[in-house]
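*Asks:* Can you look at this prediction? I've put the sequence above it.
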Amino acid sequence: MKMKEKEEILEILKKTKESTFKLMEISSKEKNKILYSLADALDKNKSFIMKENQKDIEEARRRNLSSAFIDRLTLTDKRIEGMKNSLLNLVELNDPIGEVIKEWTNFVGLKIKKVRVPIGVILIIYESRPDVTSDCIGLCIKSSNAVILKGGSEALNSNLAIFKIFSKVLADFNYPKFAVNIISTKKREILNLLLKQSDYIDLVIPRGGEGLIKKVTSLSRIPVIKHYKGICHIYVDEYADLEMAKKVCFNAKVQRPATCNAMESLLVNKNIAEKFLSLMLKEFITAGVQIRGCPKTLSIAKKFGLLNKEMFRKATEKDYYTEYLDLILSVKIVNNLEEAIEHINKYGSHHSDAIITSDIKRAEEFLKRIDSACVYHNASTRFTDGYQFGMGAEIGISTDRIHARGPMALEELTTYKYVVYGNGQIRT
């Protein structure tokens, strides 16, 4: 990277940091007006966004990228409508900034308040999904944070289209010019430079594949909240309603397999395995799902005439650690609840896991002992999402344990400070 380019970027970062002090002056009412206008701008410029998105899709096809990757990249009418609704939903949510989390008076009469404040400047590094651009800008506006977006080159046209539309709206409101930025250069050195700027950037959030997250974590001198891979499990217990289990498992795998909250591994209790899998496997195969099965699973598939080389293969140890983000599923028959819990805690990524059972005690045991950000009883893992949880848009799904875990929405984009009122107290 040339010295001039580096200096220009550092100047932008400096101005972004300075803008954070102005953001605190913007009222909740004004922020909501901006969000309304951004949603309206998405609606009015839908054709332009989709035209630019098509350029990215065509390039992805030219490069023979996977169908799952292209699915994450694609903006449809429905997805742009979802982006719009996410912004409108943020309007309806309470502004967290200035909220008093707790207050008390200490033994010398000092009144102490613990108050929510913005984190500051957030760098978001993400791959392929252009709807992230809209969601993250909206969340950072509502939470009074400045944001620097570094999307993947494969979605550059789409990301820039959304950013240009939003920039015009923000300019109309005299929003601080450098509070919302996008880094459009494709040069790889830019990431190394950004991740060293702890004077200007307060938090890094990487969203993408395992390689990206490991790289960001290893290079960053700035705190990182990891939005790691989603190796999500569903365990179908021996006391499960099998019709419910079939419906939930199909949704969790097939509805949108390229997302981090899709099921990647199905565990089935041995006592109902033959009855359940003889039906479930048939539905998966019809939907184009490839099965990586344990020997007992393959035996059941063979017994019911489902086994074929194109759709089935024996599961390996690596399969249980794999996030496919595609119509591929590992299936394992387990002896009992204990084995299911041990398997999930060993092979899972601590994202989202579910149990299907009618036995409440067994469900509670599962929910207590599974060490994941989101645990479910009788529901699809596909609900791990800020919008579905009623939080508005989300900046990602954190698999960390410090500060934020699970869907990271408005509250998770804040920190706090202590505001202390006295009347002349001194310490003795």
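*Replies:* The structure has been received and is ready for your questions.

*Asks:* Every contact and neighbour count from this point should use C-alpha atoms.
*Replies:* Noted.

*Asks:* Disregarding flanking residues, what is the spatial nearest neighbour of Asn261?
*Replies:* Arg382 (5.1 Å; C-alpha to C-alpha, 6 or more residues apart in numbering).

*Asks:* How many residues are close by that neighbour?
*Replies:* 21 (other C-alpha atoms under 10 Å).

*Asks:* roughly how far is the helix or strand hosting Ile148 from the heart of the chain?
*Replies:* Secondary structure from DSSP states H and E places Ile148 in strand 146-150. Mean-position distance between strand 146-150 and its chain equals 16 Å (C-alpha atoms, centre = their mean, to the nearest Å).

*Asks:* How about Glu81, nearest residue that isn't a chain neighbour?
*Replies:* In space, Glu81 is closest to Asp43, 7.6 Å off (C-alpha to C-alpha, 6+ apart).

*Asks:* tell me which element that neighbour is part of?
*Replies:* helix 28-44.

*Asks:* In terms of secondary structure, what does that helix contact?
*Replies:* Secondary-structure packing of helix 28-44 (3 or more C-alpha pairs under 8 Å, 6 or more residues apart in numbering; DSSP states H and E): helix 77-92, helix 131-142, helix 156-172.

*Asks:* right, and these - which one's nearest Arg62?
*Replies:* helix 156-172 (15.5 Å; C-alpha to C-alpha).

*Asks:* Direction included, what does the next helix or strand after the closest one pair against?
*Replies:* Scanning forward in sequence from helix 156-172 by DSSP H and E, the next helix or strand is strand 180-182. Strand pairing for strand 180-182, using DSSP bridges, gives strand 146-150 (parallel).

*Asks:* I would like the residues contacting the partner strand, please.
*Replies:* 16-17, 19-20, 23, 120-126, 133, 136-137, 140, 178-184 (C-alpha atoms under 8 Å, 6 or more residues apart in numbering).

*Asks:* ok, now stretch 5-25?
*Replies:* Counting by C-alpha under 8 Å, 6+ apart, Gly120, Val121, Ser144, Asn145, Ala146, Pro176, Lys177, Phe178, Ala179, Val180, Tyr200, Ile201 sit against stretch 5-25.

*Asks:* Weed out the non-buried ones from these.
*Replies:* Gly120, Val121, Ser144, Asn145, Ala146, Pro176, Phe178, Ala179, Val180, Tyr200, Ile201 (16 or more other C-alpha atoms under 10 Å).

*Asks:* Show me which of those residues is closest to Ile234.
*Replies:* Using C-alpha to C-alpha, those come closest to Ile234 at Asn145, 36.4 Å.

*Asks:* picking up where we left off before, pLDDT-wise, what's the bottom of the contacts of stretch 5-25?
*Replies:* On pLDDT alone, Lys177 ranks lowest of those, at 91.

*Asks:* Look up how far Asn53 lies from it.
*Replies:* 25 Å (C-alpha to C-alpha, to the nearest Å).

*Asks:* got the phi/psi numbers for Ser143?
*Replies:* Dihedral angles of Ser143 (phi, psi; degrees, to the nearest 10) stand at phi -100, psi 10.

*Asks:* And for it, the neighbour number?
*Replies:* Using other C-alpha under 10 Å, Ser143 has 28 other residues around it.

*Asks:* any idea how far Leu413 is from it?
*Replies:* Distance from Ser143 to Leu413, by C-alpha to C-alpha: 7 Å.

*Asks:* repeat for Val419
*Replies:* In this view, Val419 and Leu413 are 19 Å apart by C-alpha to C-alpha.

*Asks:* neighbour count winner among these two?
*Replies:* More neighbours surround Leu413 than the other of Val419 and Leu413, with 26 against 12 (other C-alpha under 10 Å).

*Asks:* and that one, what does it touch?
*Replies:* By C-alpha under 8 Å, 6+ apart, the residues touching Leu413 are Pro118, Ile119, Cys140, Ser143, Asn145.

*Asks:* Show me how the record splits this structure into domains.
*Replies:* 3-227+408-421, 232-383 (automatic domain parsing).

*Asks:* Could you identify which of these is most buried?
*Replies:* Mean neighbour counts were taken over the domains of the chain using mean count of other C-alpha atoms under 10 Å, and the top value, a mean of 20, falls to domain 232-383.

*Asks:* Span of that one from start to end?
*Replies:* This stretch, domain 232-383, spans 12 Å end to end (C-alpha to C-alpha).

*Asks:* What average pLDDT does that domain get?
*Replies:* Averaging pLDDT along domain 232-383 yields 96.
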